[in-house]
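J.: Return atomic coordinates for the entry below.
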Amino acid sequence: MFGWLRTTRRSSAGSRSARLSLEALESRYCLSTAVAPQIAFDVVPVSQQAVEICGTVTGENPGAQVNLSGAVTGTTSTDTSGHFDIVLPTTQAGGTVYGQAIDQLTAALTNLGSAQIPLLSGTSLAPATLSGSSSLSTPSLGGGGGGTPFPSSTPNGQMGTLQIVNFAGSNPYDGKWVFSGVVKNGSPASTYVEFSGMPEVDGITVNIGSDGSFSLTATIQASEHGTVCAQAMDGTTYSNIVSTNV
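T.: Below you'll find the predicted structure:
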């Protein structure tokens, strides 16, 4: 009889259910590796009433809206490489141009960039038009590969009858680029073309041929990208500025 009672007690104890509980683990956070977009640009006067603004927006997403204010007012967009180029009217010689871009996909804002308009002597002229640009819909922040987007020695003169047309860059084989065009109304004896933008061409000058043609061959690695600009000069007069993307 006592043995039966002991067996019953063991069976009753074994039927008890276990109580489950959750244990909180320490929090773990993943740091974002997203790079904030940046804007940089230069301003070059093309007449007493107009300036050309050329720059680049760097970021993870292609395509950004660029808002310009200060001495100018305007909006443009970058191409798929992040370059932009626009001519805008201004009445503030020596004024400051401010620019900020917004990423169209993430709505992220860039830094607020700024550049002062260089003083230009000479007569009041109508804005110059870009020609020969192989860039996007809105003619393209040079400087994507470093250097100055436009000739650092922009003459303290005035725009004359010089004009560069058919400017383009070609990549016949890896590591070599050829930039060429034609200068109208120039003289082989006194007219030359100055290149700027990417460091591989920045500050290089070439003479024009008897037919006004010019060409420059430069070594640019496939991993490098930016804007190459050209401007013809003859004494105190200079041409329009043309540009092409690499």
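J.: C-alpha only now, for contacts and for neighbours.
T.: Will do.
J.: Now do the contacts for Pro172.
T.: By Cα atoms under 8 Å, 6 or more residues apart in numbering, Pro172 lies in contact with Val178.
J.: The same query, at a cut-off of 6 Å, please.
T.: The contact partners of Pro172, taken as Cα atoms under 6 Å, 6 or more residues apart in numbering, number zero.
J.: For it, pull up the helix or strand it's in.
T.: Using DSSP states H and E, Pro172 falls within strand 163-173.
J.: Show the pLDDT at the closest residue to Gln65 other than its chain neighbours.
T.: Using Cα to Cα, 6 or more residues apart in numbering and skipping the chain neighbours, the partner closest in space to Gln65 is Ser77 (4.6 Å). The pLDDT attached to Ser77 in the predicted structure is 88.
J.: still on that earlier bit, now do the following helix or strand past the strand holding Pro172: which elements does it pack against?
T.: For strand 163-173, the following helix or strand on the C-terminal side (DSSP H and E) is strand 176-184. Applying 3 or more Cα pairs under 6 Å, 6 or more residues apart in numbering; DSSP states H and E, one finds that strand 176-184 contacts strand 163-173, strand 213-219.
J.: partners of Val242 in the sheet?
T.: Going by DSSP bridges, Val242 is paired in beta bridges with Ala230.
J.: typed the wrong thing, it's Asn207
T.: If you apply DSSP bridges, the partners that Asn207 bridges to are Tyr192.
J.: low-confidence ranges in this structure?
T.: For the chain, the stretches flagged by pLDDT under 70 are 1-35, 120-160.
J.: The spatially closest residue to Cys229 that is not a sequence neighbour: neighbour count?
T.: Distances taken as Cα to Cα, 6+ apart put Ser243 closest to Cys229, at 4.2 Å, once the chain neighbours are dropped. Close neighbours of Ser243, defined as other Cα atoms under 10 Å, add up to 30.
J.: Helices of this protein, start to end?
T.: 2-14 (DSSP state H).
J.: closest one to Cys229 among the helices and strands packed on strand 176-184?
T.: strand 163-173 (9.3 Å; Cα to Cα).
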